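Q: One predicted model, sequence on top.
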Amino acid sequence: MQNEQQESSSSLTEATSSLQSIINQILSNNTLKQVIQIPKLLQSLIALSLYKIGTHIGLQLNQQRLEVRHQSRLCLWNIQRYGDEQVQSELVNVEYGKMMSITFSTAQGIGEEQNQQIYTGLYHIYWFLGSLHQGRTYQPYIQPLPLLARRTEEQIEEEGANEEMEAQMNNNGYDVDVKYEADDAKAVTLNHFIHSN
């Protein structure tokens, strides 16, 4: 058992280091296109973002798993943030909306760490859907992509995240920012109803 944990611990440390390297490459000038050409990268990052959610072995191993999930989500966020329209489409195809919904829906509990995960998940939904609905005015510029926004909203709905957002809006927890971000995320998911009427 201890050898298993030691192997897992070193593997998780190695994974975290590799993810940090990917983030650095994404943030380097003009290398995002090359990074996302890595076969199955987006699918792998989605899988790592959800790596062993809800499985608890030991404090150190749990912390390392949390870090792998965090670094994977950070990679995806930066890919979305700096990606062009084609990248946005690829993210929707690998169900980025579903992954974001799962991340904040499974961050239940109390305390700063859980509130930060919830806040970050809601924040990413808000900005992703906002850029799909309205386009993006920083480089790379993107036009509004209403069909991709709709597919993302469907992914969010399929995960039951709309109900979770409402629960967070009524949250009496420790972090007021979570309530505000839940309100913003809920508003942007309802955006298509407003524009379609």
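A: In hand now; what should we look at? Numbering: from 1, shown residues only.

Q: pLDDT at residue 147, what is it?
A: Looking at residue 147, its pLDDT reads 95.

Q: Identify the residues contacting residue 10.
A: If you count contacts by CB atoms under 8 Å, 6 or more residues apart in numbering, residue 10 has none. Using the backbone N, CA and C atoms, a C-beta is placed for each residue, glycine as well.

Q: no, scratch that, I was asking about residue 82
A: Contacts of residue 82 by CB under 8 Å, 6+ apart are 26-27, 32, 140.

Q: if I look at it, how far off is residue 11?
A: Remark: distance between residue 82 and residue 11 (CB to CB, to the nearest Å) = 29 Å.

Q: Now stretch 68-84: buried residues?
A: Buried positions in stretch 68-84, judged by neighbour count with 16 or more other CB atoms under 10 Å: 68-83.

Q: What strand or helix carries the spatially most central residue of the chain?
A: With the centre of the chain defined as its mean C-alpha position, the nearest residue by CA atoms, centre = their mean is residue 100, 4.1 Å away. Residue 100 belongs to helix 96-105 when assigned by DSSP states H and E.

Q: What helices and strands are in contact with that helix?
A: helix 41-49, helix 59-82, helix 112-134, helix 146-158, helix 161-169 (3 or more CB pairs under 8 Å, 6 or more residues apart in numbering; DSSP states H and E).

Q: returning to that earlier point: buried ones from the contacts of residue 82, can you make that a ChimeraX selection?
A: To isolate the buried ones among the contacts of residue 82 in ChimeraX, judged by 16+ other CB under 10 Å, type:
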select :26,32
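
Q: Residue 68 and residue 19 touch, don't they?
A: Yes: the pair residue 68 and residue 19 passes the contact test of CB atoms under 8 Å, sitting 6.9 Å apart.

Q: helix or strand right after the top helix by length along the chain?
A: What stands out as the longest helix in the chain, according to DSSP state H, is helix 2-27. Following helix 2-27 in sequence order, the next helix or strand is helix 32-36 (DSSP H and E).
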